[in-house]
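Enquirer: when you get a sec, could you give me coordinates for this:
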Amino acid sequence: MIPVEKLYQYEPFLFMGKLIIPDGNGGINGTYDPMKVALDFFTHSNDALFLMYGFNWVPEEPYYSKARKQLGMK
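Expert: Numbers count the residues shown, from 1 in each chain. Predicted coordinates:
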C-alpha cells in the first residue's frame with residue numbers, strides 16, 4: 001500500500017522495491033535503486049550523499065543490513 005501521507009511531503013520512501021522522492025505537491029521527483037543509495041550511504045559523507053542525490057536518506061531494512069554485509073561491515 002502506498003504511504004499516501006508521505007506523497008505530499010518531501011521525505012523519501014520505499015515503494016515496490018524503489019526509493020521514491022516526492023516533490024511535495026503530490027508528484028514524484030524521481031526514483032532510485034535503494035540498494036545503490038544504501039551502499040553510497042555507507043561509503044560517502046552525508047554532505048556528499050546530498051550533493052550526489054539532492055536528498056538525505058538513512059537506509060531502511062532490509063537495505064541497511066544488506067549494504068553493510070556487502071561492504072563487509074559487522
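
Enquirer: bridging residues for residue 31?
Expert: Beta-bridge pairing for residue 31 (DSSP bridges): residue 20.

Enquirer: what's around the residue nearest to residue 44 when sequence neighbours are not counted, how many residues?
Expert: Distances taken as C-beta to C-beta, 6 or more residues apart in numbering put residue 52 closest to residue 44, at 6.9 Å, once the chain neighbours are dropped. Quick note: C-beta positions are derived from backbone N, CA and C, even for glycine. If you count neighbours by other C-beta atoms under 10 Å, residue 52 ends up with 11.

Enquirer: distance of residue 52 relative to residue 25?
Expert: Here residue 52 is placed at a distance of 24 Å from residue 25 (C-beta to C-beta, to the nearest Å).

Enquirer: cool, residue 60 as well?
Expert: As judged by C-beta to C-beta, residue 60 and residue 25 stand 24 Å apart.

Enquirer: these two: who's more crowded?
Expert: Each of residue 60 and residue 25 has its neighbours counted (other C-beta under 10 Å); residue 60 has more, 13 against 10.

Enquirer: wait, that one sits on residue 12?
Expert: No: look at residue 60 against residue 12 with C-beta atoms under 8 Å: they stay out of range, at 9.8 Å.

Enquirer: what's residue 68 in contact with, if anything?
Expert: 42, 74 (C-beta atoms under 8 Å, 6 or more residues apart in numbering).

Enquirer: in three-state terms, label it for me.
Expert: Three-state call for residue 68 (DSSP: H, G, I helix; E, B strand; the rest coil): helix.

Enquirer: what pLDDT does it get?
Expert: In this model, residue 68 is scored at 96, pLDDT.

Enquirer: with residue 4 instead?
Expert: 55.

Enquirer: how about the helices in this protein?
Expert: Ranges of helices in the chain, per DSSP state H, are 4-7, 34-43, 46-53, 63-70.
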